[in-house]
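# sharing a model prediction with you, sequence too.
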Amino acid sequence: MTRLLVLAAAAALPLVSAFQNTAPLLAWSSSFSEVIDSLPSNAVQASTVLDALLSDDSVCDYDAVVLVSQRGLHASDLRTLSPASFLPSLLKSSPSARSFQYLTPSSPSLSQRAQTLSSLCASRLVSYTPGDTTSPLDTEQKHIISLTLPELERAGDERRSTMRADEEQLGEELSKLTREFPNHLVIYAGVPTQELRARQASASPLVEAAAAAAAKKHRTGILHTYQILTPGLISVLLVVFFILVPMLMLGINALAGIQNMVKLEAPKGYDARERKNQ
């Protein structure tokens, strides 16, 4: 039994490691966007989503494109937010919105993409941290706005508290910006920590090539629309196949052994010597 538990834990380690090197990405717009709605649900790398969003000609039609990045943000941080809080409510009410929980971050960074997009759309580039005092924005001019949230470093209750405070501050900033620029696109993406980025940089090129191939592969059906294999479901499957199923097999074998022992026992009152004399 102990060996089975060890095998189950060993099988789960690669999955845990893989999800550690991922970050979420949220995208929404103030109006219907075919580009957002057609994003591939099976995307593996953030570049797949960002290239689709920021390389389309329609991106320059927005009065403001807001790119929000936060180092250390993980999908589990977003799940700690109340469904009634700013981000979940905004995603639910936006005409077009998509969320990706586990994307492998890739270059270029959001700040670098903001510079490229500013040149492409001939828009004014503004970069700052929410809460900082900034010069008034000219609503008559199109803007590319790059926001950087503080890095998430703590754990446990402190991390959850920090995440709620960051979301509240981001909500206030975005509310102000969206009032000034009613026609807007917002992208909020996590960025890996330095340790994870270093680990990603040393990853095998074959792994990166396989991930890129999977991201480009077109799929139809329910898997194209919904992300079914979440970490929670994977954990349940691991428990079922590596713990519950072996326990069930052990129980069946034990019952079979008991039945065999009963069959082999001599009947009550049976005397081998009497049987021999007969």
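Thanks, I have it.

# which residues touch Q141?
Neighbouring residues of Q141 by C-beta atoms under 8 Å, 6 or more residues apart in numbering: S123, R124. Where C-beta positions appear, they are placed from N, C-alpha and C, glycine not excepted.

# could you redo the last one with a cut-off of 6 Å?
For Q141, the contacting residues are R124, by C-beta atoms under 6 Å, 6 or more residues apart in numbering.

# now it. Its backbone dihedrals?
phi -120, psi 140 (degrees, to the nearest 10).

# where in the chain is pLDDT low?
1-20, 133-135, 194-232, 259-278 (pLDDT under 70).

# which helix runs longest in it?
helix 156-180 (DSSP state H).

# what is that helix packed up against?
helix 86-93 (3 or more C-beta pairs under 6 Å, 6 or more residues apart in numbering; DSSP states H and E).

# same for the helix it packs on, what does it pack against?
helix 156-180.

# which residues sit against the helix it packs on?
With C-beta under 6 Å, 6+ apart, helix 156-180 has contacts from D77, T80, F86, L87, P130, G131, L137, T139, L149, R154, H184.

# give me the nearest residue to the fifth one, chain neighbours excluded.
Excluding the flanking residues, the one nearest P130 by C-beta to C-beta, 6 or more residues apart in numbering is E173, at 4.0 Å.

# number of nearby residues for the one you found?
The number of residues packed near E173 is 21, by other C-beta atoms under 10 Å.

# got it, and S30?
18.

# ditto for the one 3 residues further on
S33 is surrounded by 24 other residues when neighbours are defined as other C-beta under 10 Å.

# residue contacts, the closest residue to it other than its chain neighbours?
If the residues on either side of it in the chain are set aside, S33 comes closest to S96, at 4.0 Å by C-beta to C-beta, 6+ apart. Residues counted as contacts of S96 (C-beta under 6 Å, 6+ apart) are S29, F32, S33, I36, D37.

# ok, the nearest residue to the last one once chain neighbours are set aside to L170 distance?
The spatial neighbour of D37 that comes closest, neighbours along the chain excluded (C-beta to C-beta, 6+ apart), is S96 at 5.4 Å. Going from S96 to L170 by C-beta to C-beta, to the nearest Å gives 20 Å.

# isn't H184 up against S30?
Yes. Proximity of H184 to S30 meets the contact threshold set by C-beta atoms under 6 Å, at 5.1 Å.

# which parts of stretch 139-150 are buried?
K142, H143, I144, I145, S146, L147, T148, L149 (16 or more other C-beta atoms under 10 Å).

# likewise stretch 149-162?
L149, L152, R159, T162.

# then stretch 74-87?
Neighbour-count burial for stretch 74-87 [16+ other C-beta under 10 Å]: H74, A75, D77, L78, L81, F86, L87.

# for that stretch, measure first residue to last.
Stretch 74-87 has an end-to-end distance of 15 Å (criterion: C-alpha to C-alpha, to the nearest Å).

# how about L26: what's its closest non-neighbour residue?
Y188 (4.4 Å).

# just give me the neighbour total for the one you found.
With other C-beta under 10 Å as criterion, Y188 counts 26.

# confirm it sits in a strand?
Yes. Counting by DSSP: H, G, I helix; E, B strand; the rest coil, Y188 is part of a strand.

# what pairs with it across the strands?
L26, V68 (DSSP bridges).

# hmm, back to that, just the closest of the buried residues of stretch 74-87 to L53, please.
L87 (17.7 Å; C-beta to C-beta).

# now the closest one: how far from W28?
Taking C-beta to C-beta, one finds L87 at 9 Å from W28.

# tell me which element V65 is part of?
strand 64-71 (DSSP states H and E).

# which residues sit against that strand?
Against strand 64-71 from outside (C-beta under 6 Å, 6+ apart): 110, 114, 143-149, 151, 181, 184-191.

# could you redo the last one with a cut-off of 7 Å?
59, 110-111, 113-114, 117, 142-149, 151-152, 170, 174, 177, 181, 184-191, 193 (C-beta atoms under 7 Å, 6 or more residues apart in numbering).
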